[in-house]
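Colleague: Here's a sequence, model it:
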Amino acid sequence: MSSGSTITSTTNEEFVLGRKLLVHVAENGHSLEFECDGATLVEAIQRSIEALCGVALVDQLLLCRNTSLDSQQPLSYYKLPQDDREVFLYNKTRLHADSPRPPPEAIELPKPAVPPPSSPNKDSHPLDNAPDPALKALISYERQFLQHFQSANAMYGCAHAKLEVCRRLLREQQVQGRALETARGNLEHTFRKLNQRYTDFTRCFAQQHRSHSDLLANFERDVQRLGSLRLHPRLQTGSRKCLFDLVKEDDLRKWVTICFNSHRQFETKVTQLKTNFAELKRRLESLVSTMSSASWGELDYAIKNHHKILNDQKSVMQSLSKDVDTAKKLVDDSDLPLSPTLRPHDAVSALGRIYDVHEKSHIPNMQNCDHAMSKFLDKCLVKKNDMNLLVHLSMQKVKSVQFGIRDMMNELHAFQEVMGHQDKEFENLKFVNGIGQAYRACLAEIVRRKSSLKLYMGLAGQLAERLATEREAEIRRREVFFKTWSKYIPNDILSAMGLFDSPSQCDVHIAPYDTNLLEIDVIDVDRLAPQSLVGLNTKFDKNASQRGYLASCSTSNISKSEESSLQSGEKMEFLEGCESVDIAGTSKLEVENALLKADLASAIAMICAFNAEIGYDSLDEDTEEGLLKNVKEKTAEALHLKDEFTNHLQSMLNMKQEQCLSYEKRIKELEQRLSDQYLQGQKLAGKDILDSDMSATKNDDYKLDIFGDGDTQMPYTSIMPMDEASSTSGLVDPKINGQASKPGEGGDENMSDLSGTLNINSVDSTHNPMDASMLEQPRDESQVCPAVDAVKMMTPELTIAKDPSGGNTGIPVNMLPCDTSDEPVLESKDRDDLMLDLQKALTEKSNQCNEMESKLKATAEEVDSLKKDLEKSRNLLDESQMNCVHLENCLHEAREDARTNLCAAERRASEYNALRSKAVKMRSLFERFRACVTSPGAVASFADSLRSLAVSLASSLSEDEDDFTREFQACIKVFADKVTFLSRHRADLSDRCSRVETAHGTLLRELEEKNELLKSLYNKHQLEKQANKEKITFGRFEVHELAAFILNSAGHYEAINRNCPNYYLSEESVALFKEQHSSRPAYIIGQIVHIERLIVRSPISTRTHQGDQLEASNSETSNRRSIGPGAALNTYNLPIGCEYFIVTVAMLPDTIHSTS
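Modeller: Presented below is the predicted three-dimensional model:
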């Protein structure tokens, strides 16, 4: 609970202000209600509270939720007054540890006002003297019943009043409970701020402590690394051999000792701070538990039960009232003449039974109810005193805890400053770690700059080529324009229009730079400054690399990906452009190597910068967890993409497998068809061979018939169907077969390879001595040599017909002609001879075909090489022609440039001569002007010298003088005139200034006299104002005026007022003045704070007749004090209905000082 103003953030939401403000006093639970609006200042409310409760304004602390009300702000600033916003008043003097405990609650217990029983002597009745004892008993019963009713009514009223007091005490306890909740909420709000600040401090301290501990622990190792890291030979001197020579060892070790002591002391202080914070947190938790222990639910339930008990007594009161009416009626009937129906004895007997019920039931029940209410009121008083004590002790503890929180906040602020000093002290130790990184970064920067030089030269060459291309295009465009329009317009007009000029040649030249760089390469960086010597220790390297990777994953990867997407296009364009640039070191491969070296060097420098900047610092747990989470998400995403790509490849593989299975099935079908067709072809070939043997015996030159042209009688016709995509590779030309890899030629590639293999393997190699390439002749060759094809088809049949043991089994009888069956021996011999001849011829033709095929391949290769050489030669010729044209253009441009430069040089020479002569003349003129200006003398002499200079310049001018000299002479003349005018004006101003100074002094004296007069008048006015303010009012009283009260004979202080005498001083004001005086003063003078208008009311009279009805409900006893007119008891002995006023005054400051 803070005593300052803790204003929460306000919003623009609309709210409606009320007209009543409810203020609860925390120490006793009383409530004050004020009629006010949003424009009322908080200070006005506090002054009213001071007058009503006696709590000084400086000791008041008003809290609305977690906001402390400031005295200078209006209520609307806090959105007050509102029905749902309560304001609690805390007395600051009660918050101190030495403040006294609250006194017990002083409550005047209401006592039942039982009237005395009426006697026959005081209240006589005619029946008292009746001769019949029964009639006397009737009047006696009437008096007894009336006494019972009055006693029960008094006890009921007393019990009701006690129950209302219990309710008031419960409400006060509830108010105190809400006050504790408000104080607890304010305290917890303050502690949450402290806890957040403490958490931030401990996190920062843990990170700093870990970093500084690593620096101190690894200092010697860092020093050894710097000592073992030798400088480059060009960098070494007599006093510098290694990196450690760059620092002062003695000063550094002294600083390490200072840092170590400071680090250890600060660690001890932080440990003590943590202990204090834990103790403060424990105290806060104990206090919150104590403040939460207040409960009034049981008391509320008990009040409801006692209210039911009190309601049950209403039936008793109704019964008693009915019995009184019955007795009264019987007594009234007894005054009438006796009738035969009236029996006094019966009436007395009935009233006797009723009397027994009163004595045994009704009256004891009312007494028990009153006794129960008294016990319950005592219990409520005990609870209320306990609550007052709990609030008092809790608020003292709250103030103590707040002091602890404030001290802890100050300590945290001081410790944060110490952390800043610690960082500054350890900067030198971090410097030791950064030396090696800086040296490695410098070496990497050398490599990067060298690579950048190559890239820069490549870009320059590319730029020169582009500009030359643009210039050639512009020249050709101008030539076309000249050829098109020169036949219409003469050349001299075109020349005058400037259309004969040609674009200048751009010469891209790079001035030498970075000539003093060390002669090192990328591999020399690790040799001169290895990572093991300039980096961190092994344990930290691992952590730092992980954290660096995590940080780079979250920050740099995105930017790098964006930059790479932008730079990749430029790099590729640069590489493509540099391919044709004729500059050493800028070929495509070297440019690419230079780019890679530059990137590697930049990466090394960036890593060194990261290590030097981070050093031994480590990421906090929250940042590390965030980075790890980011890496995990990206890794999961990458694995998900990998799984998707794996599934895609698996699906493609399954598709290919299905396709291969379909191909295998198709191949098997084709193999089956091919084997069937092959068997059928063999049968047909055997029949054809027998026919050819018979024709060969008739004709001796059968070779001509077999190896002749296409007129043979037995042309070979392929019986294999060329449907779908079967056996394509076996029937194509070898040249075409060599190009089978091209898409769209020859069907499916895999299918063609498989079919080619089947066609080759379908012939048995053991029985077929021919080369497999003979089976792959094209269709045009088979038409030229049909006999060879016939032999190819016949040879397997002949080899199969042989016996495996080497003997000849012969040809089956059904395959021989019918006319040769009579001479089997002769024909068998002829057939063997023919077979031998055919085999020899076939072998020769096969060898010839192989030779021709090899020659054809060699010729095709030679033709291809010649075509390539021809293409190269053509390209060289085109390039040479372009170079010749380019050289001619360059020569023409050089001549034009030389002619243009000659003309420009001549023109500049003439301009230079003219400018030199003009400069000499200007020099002479300015020398004369300087002599005039620097001449000694007053202002008047300076003006005369200027006029003489102007006259001399005017007289020395000639007709052939240039405009500049004339303008200079005119300027000097004008300048002389203005100086003359200024000199005269200066004299006038000096006279005016003297006169103004005299007048100013006069005005100052008059002003001082007026100030003295004004001060005297102001003091007089203040004295008159103070006298008017201290004047006592004897007429109409108003707030903030002075009033005098004198002690009258009745012991009351009555105001001196000439208009109305009924102004009395309030009891609170009298008590306030009594505290300041030892004896009761005869008069009191004070400042009016509040005036309350009252009217004298009549006292409450009891009803004496039996027809009066019971008024069961009394006015509610409350602790709220209403401000406004009302009615009051007659304490000043005034007549009923008279109007009088109670005035509350405050002591005058002079009275307070005099009494103190």
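Colleague: how would you label the closest residue to residue 1062 other than its chain neighbours: helix, strand or coil?
Modeller: Distances taken as Cβ to Cβ, 6 or more residues apart in numbering place residue 1140 nearest to residue 1062, at 3.7 Å, with adjacent residues excluded. All C-beta atoms are positioned from the backbone trio N, CA, C, and that covers glycine. The assignment at residue 1140 comes out as strand when based on DSSP: H, G, I helix; E, B strand; the rest coil.
Colleague: gap between residue 1140 and residue 859?
Modeller: To residue 859, residue 1140 is 146 Å away according to Cβ to Cβ, to the nearest Å.
Colleague: Who has more neighbours out of these two?
Modeller: Neighbours around residue 1140 and residue 859, counted as other Cβ atoms under 10 Å, are more numerous at residue 1140. The numbers are 20 against 10.
Colleague: Low-confidence ranges, the stretch 801-950 of the chain, go.
Modeller: 801-829, 937-940 (pLDDT under 70).
Colleague: Likewise for the stretch 951-1100 of the chain?
Modeller: Applying pLDDT under 70 to the stretch 951-1100 of the chain flags residues 957-962, 1026-1030, 1099-1100.
Colleague: where exactly do the helices run in it?
Modeller: Using DSSP state H, counting those that start in this stretch, the helices of the stretch 951-1100 of the chain run over residues 963-1029, 1067-1076.
Colleague: what are the ranges of the strands in this protein?
Modeller: 20-25, 31-35, 60-64, 67-68, 87-91, 1042-1047, 1053-1055, 1063-1065, 1083-1096, 1126-1128, 1139-1146 (DSSP state E).
Colleague: Of all the ones you listed, which one is nearest residue 525?
Modeller: strand 67-68 (64.2 Å; Cβ to Cβ).
Colleague: Partner strands of the closest one, with direction?
Modeller: Each strand paired with strand 67-68, and its direction, by DSSP bridges: strand 60-64 (antiparallel).
Colleague: Contacts for the strand it pairs with, please.
Modeller: Residues from elsewhere that reach strand 60-64, judged by Cβ atoms under 8 Å, 6 or more residues apart in numbering: 1, 3, 23, 42, 45-46, 49-50, 68-69, 78, 80, 85-92, 182-183, 186.
Colleague: Please spell out the PyMOL selection for the buried subset of those.
Modeller: Buried members of the contacts of strand 60-64, defined by 16 or more other Cβ atoms under 10 Å, are picked up in PyMOL with:
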select buried, resi 1+23+42+45+46+49+50+68+69+78+80+85+86+87+88+89+90+91+92+182+183+186
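Colleague: returning to that earlier point: ok, what's across the strand from the residue nearest to residue 1062?
Modeller: Beta-bridge partners, per DSSP bridges, of residue 1140: residue 1094.
Colleague: Surely it and residue 1065 touch.
Modeller: No: using Cβ atoms under 8 Å, residue 1140 is not in contact with residue 1065; the gap is 11.8 Å.
Colleague: List the contacts of the residue nearest to residue 1062.
Modeller: Here residue 1140 is in contact with 1062, 1063, 1064, 1094, 1095, 1096, 1132, 1134 (Cβ under 8 Å, 6+ apart).
Colleague: rerun that using 7 Å as the cut-off
Modeller: The contact partners of residue 1140, by Cβ atoms under 7 Å, 6 or more residues apart in numbering, come to 1062, 1064, 1094, 1132, 1134.
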